[in-house]
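Asks: The following comprises the amino acid sequence and a computationally predicted model.
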Amino acid sequence: MKTALKQFLKYYLKYITKLVLLIHRPLVIGVTGSINEVFTKDEIKRQLTATGLEARSNPKNFNTEIGLPLAILNLPSGYGSYKDWLPIIWQAFESIFNLKFPKILILGLGVSDPGDMKYLMSLVKPKIAVITDITQRYIASFADMNKLAKEYEYFIKLMDKDGYLILNHDNQRIKKLAEFKNDKTIFFGLAETGLKNYWRGQVMEKTLNGQVVKVTENGQTTEYQINRFGQHHIYALMIGLIVKKIVLNFK
Amino acid sequence: MFTRTKNLQLSVIKQIEIRAAKYPDVISLAQGIPSFDTPACIKRRVERALKNGVVAKYSLSPGLPELREMIEISLAKENMYYDWQKEIIVTVGAIEAISAAILAISQPGDEIILPSPSYTSYKEVVRLAGCTPVFVPLNETAGWAFELAKFAKAITPKTKAILFCNPNNPTGTIYSRQQLIGLAKLAAKHNFFIISDEVYKNFIYGSEEKMFSLAELPEMRKFVIRIFSFSKAYAMTGWRVGFIHSDESIVSEILKVHDALVTCAPVISQYAALGALEMGERDVLHFKQQYQERRDLICSRLNKLNNFLHYIKPNSAYFVFPKVINHNDSFAFALELLDKIQVAVVPGVAFGPNGEGHIRLSFGRTEAQINGAFDRLERYFKA
């Protein structure tokens, strides 16, 4: 996409998005991390909609400076085509007057360059903020892991002050980020920790249909069958359960 | 010297292409190359990766985590659930995936069953692994369908796998759910693997919109090895990138071979594959539309030659596989076409014994090339 069009779209979509969010004031759940963002969003949405709540999540990789506003406004991308962007620009304007808007937005926030998170957090202020995992993916644009971790610090510092923070305790980098939030932090992981506010997942059995998983929270254990394979789906399940519990408490 | 390679052949398709290159005015309907360039959105993704300086180093042996994660997401949309961390490997196209799989599951002396006709390079990979290809004929009169009883008859204690391409290259046949489940039952009963090469699954024309894959069946996880390549779907043959997925217990063994063979797929091509999965969907639909039109064109041109070539209209892929009436030596016939009218086609014998007497024509090429080749063919046949 040409730079001029990109700059125009960036600011045009930003201000329309802010206006739309101001009008509808949805509950924003922000999900970020190097991996497992999509599965986590899907699981949160699955858990919430199963309870009858109306929630929308951003599709695919609509998690950047252009993609995130499009996701909030529920619009497609014109990618590199001027022609395809024209109707989208008009539809963005029309969305200001659209009365229908979901009560809950589940938004992935992608970080690939320095400053990305600060910009995305100027658009949304999540009430529930989730960090799935931090790895060396996207490290190329940063001088070192500390610089990359700074992006996630912004995520915590700029979220709703009264909001809930959900962190992966198995990841050393993420664990450290808890110091930037005083309360309402909930951890999840696979290891035994003895912590309060900690949800622990354990694989009981791998079957041909997926995994049987045990989730323990505050001494209470429940068994779940997941029809997916891999540790990341256990994380996603726990995050979904935590978010559901928080949202139902709000209600 | 060369004991391993002495019984191998350079693929007949490549042989024909090498010969064809000597004719400046040749029109080739031989190699299965899409006429399209790689979509712009994929190139932009690659440019960004180049600019960010992330393509110069090896990736992890199974591939970039973000690509494998994206592959898991795309597979889930097709009811296939595989763990990107342990069950998916990004490979150097489909052929490396097939080679690594066969080397991992077999030992010299084993037998691998191949439908005939099917993709020409399969038998060479099987031989390279020291195994024996066992050909099972497809039934031309039933639209190149496979007959389960013939497969059952071909199974011996040495059978290690059935390897097939679905949709089939060169016939464009789509194997039905019922046929595939029949094969699955045989595999489970006799304890062998099914290697399903599904590189043409995006190009299905007419009513059959979604192709069934045995990899969708949870109970077949430990028997099915599925392969996909970005080459055809996204016009990326030169990038050499694809992937393989199966149960963790199988993929962990294939990974050792993959690592020994190639270390990892080219990283720049892995970023191209990432761009393809992220943004290439519209382009694939465009290609499919174009191929369907070209399929109709090539069939209409073949209809005019029905005294010389008998064909079955393909419902998928971008090949048609007509029988050449009164010609039993397809290799000699292909060479004659090349010499006399400079049209390159692939002799049917390249696809196994049951392909003899046929030629493969690709409609992956442009309409102008198809028309040009058929103008020459009409002159040749009617001379």
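Replies: Looks like it came in fine.
Asks: Need the CA coordinates for stretch B:52-71. PDB is fine.
Replies: This file holds the C-alpha atoms of stretch B:52-71, laid out as PDB (Å, rounded to 0.1, in the frame of the first residue of the first chain):
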ATOM      1  CA  ASN B  52      13.500  -6.500   8.400                       C
ATOM      2  CA  GLY B  53      16.500  -8.700   7.900                       C
ATOM      3  CA  VAL B  54      14.800 -11.900   9.100                       C
ATOM      4  CA  VAL B  55      15.500 -14.100   6.100                       C
ATOM      5  CA  ALA B  56      19.200 -14.700   6.200                       C
ATOM      6  CA  LYS B  57      19.300 -17.300   9.000                       C
ATOM      7  CA  TYR B  58      18.000 -20.800   9.400                       C
ATOM      8  CA  SER B  59      14.600 -21.100  10.900                       C
ATOM      9  CA  LEU B  60      13.800 -23.900  13.400                       C
ATOM     10  CA  SER B  61      13.900 -27.200  11.600                       C
ATOM     11  CA  PRO B  62      10.100 -27.600  11.500                       C
ATOM     12  CA  GLY B  63       9.700 -24.100  10.300                       C
ATOM     13  CA  LEU B  64       8.900 -20.600  11.500                       C
ATOM     14  CA  PRO B  65       6.500 -20.700  14.500                       C
ATOM     15  CA  GLU B  66       4.300 -18.000  13.100                       C
ATOM     16  CA  LEU B  67       3.900 -20.000   9.800                       C
ATOM     17  CA  ARG B  68       3.200 -23.300  11.500                       C
ATOM     18  CA  GLU B  69       0.700 -21.500  13.800                       C
ATOM     19  CA  MET B  70      -1.000 -20.100  10.700                       C
ATOM     20  CA  ILE B  71      -1.000 -23.500   9.100                       C
END
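Asks: Contacts for that stretch next, please.
Replies: Residues outside stretch B:52-71 that contact it (CB atoms under 8 Å, 6 or more residues apart in numbering or on different chains): A:35-36, A:38, A:135, A:137, A:140-141, B:49, B:84-85, B:88-90, B:243, B:245, B:255, B:258-259, B:263-265, B:267-268, B:270-271, B:273-274, B:277-278. To be clear about C-beta, it is placed using only N, CA and C from the backbone, and glycine gets the same treatment.
Asks: cool, stretch A:222-234 as well?
Replies: With CB under 8 Å, 6+ apart as the test, stretch A:222-234 has contacts from A:35-36, A:39, A:43, A:133, A:190, A:201, A:203-204, A:206, A:209-215, A:237, B:72, B:76, B:81-87, B:248.
Asks: contacting residues around stretch A:201-216?
Replies: For stretch A:201-216, contacts defined as CB under 8 Å, 6+ apart pick out A:188-190, A:199-200, A:221-229, A:231, A:233-235, A:237-238, A:241, B:81, B:218-219, B:221-222.
Asks: ok, now which ones touch B:Q9?
Replies: Here B:Q9 is in contact with B:E124 (CB under 8 Å, 6+ apart).
Asks: Now B:Y271: closest residue in space, sequence neighbours ignored.
Replies: Counting by CB to CB, 6 or more residues apart in numbering or on different chains, B:A49 is the residue found nearest to B:Y271 once chain neighbours are left out, at 3.8 Å.
Asks: tally of neighbours for that neighbour?
Replies: B:A49: 20 surrounding residues under other CB atoms under 10 Å in any protein chain shown.
Asks: wait, is it part of a helix?
Replies: Yes. B:A49: assigned to a helix according to DSSP: H, G, I helix; E, B strand; the rest coil.
Asks: Check the contact between it and B:P266; I expect there is one.
Replies: No. B:A49 is not in contact with B:P266 according to CB atoms under 8 Å; the separation is 11.5 Å.
Asks: So which residues of the chain form helices?
Replies: No chain in the question, so chain A it is. With helices called from DSSP state H, chain A shows them at A:3-24, A:37-50, A:67-73, A:82-94, A:116-121, A:145-157, A:172-176, A:231-250.
Asks: not what I meant, chain B
Replies: Under DSSP H, chain B gives helices at B:12-20, B:40-51, B:65-76, B:93-105, B:120-128, B:148-154, B:177-190, B:230-233, B:248-262, B:267-279, B:281-303, B:330-341, B:367-382.
Asks: Contact residues of chain B facing chain A?
Replies: Within chain B, the positions lying close to chain A (CB under 8 Å from any CB of the partner chain) are B:40-41, B:44, B:52-54, B:65-66, B:69, B:72-73, B:76, B:81-87, B:218-219, B:221-222, B:248, B:278-279.
Asks: Generate the PyMOL command that creates a selection of the buried members of those.
Replies: Remark: buried members of the residues of chain B next to chain A, expressed as a PyMOL selection using 16 or more other CB atoms under 10 Å in any protein chain shown:
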select buried, chain B and resi 41+54+65+66+69+72+73+76+81+82+83+84+85+86+87+221+222+248+278+279
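Asks: Pull up the per-residue confidence for A:K2.
Replies: For A:K2, the model assigns a pLDDT of 66.
Asks: So for B:V257, what's the nearest residue that isn't a sequence neighbour?
Replies: B:V257's closest residue in space is B:A100 (CB to CB, 6+ apart), at 4.2 Å.
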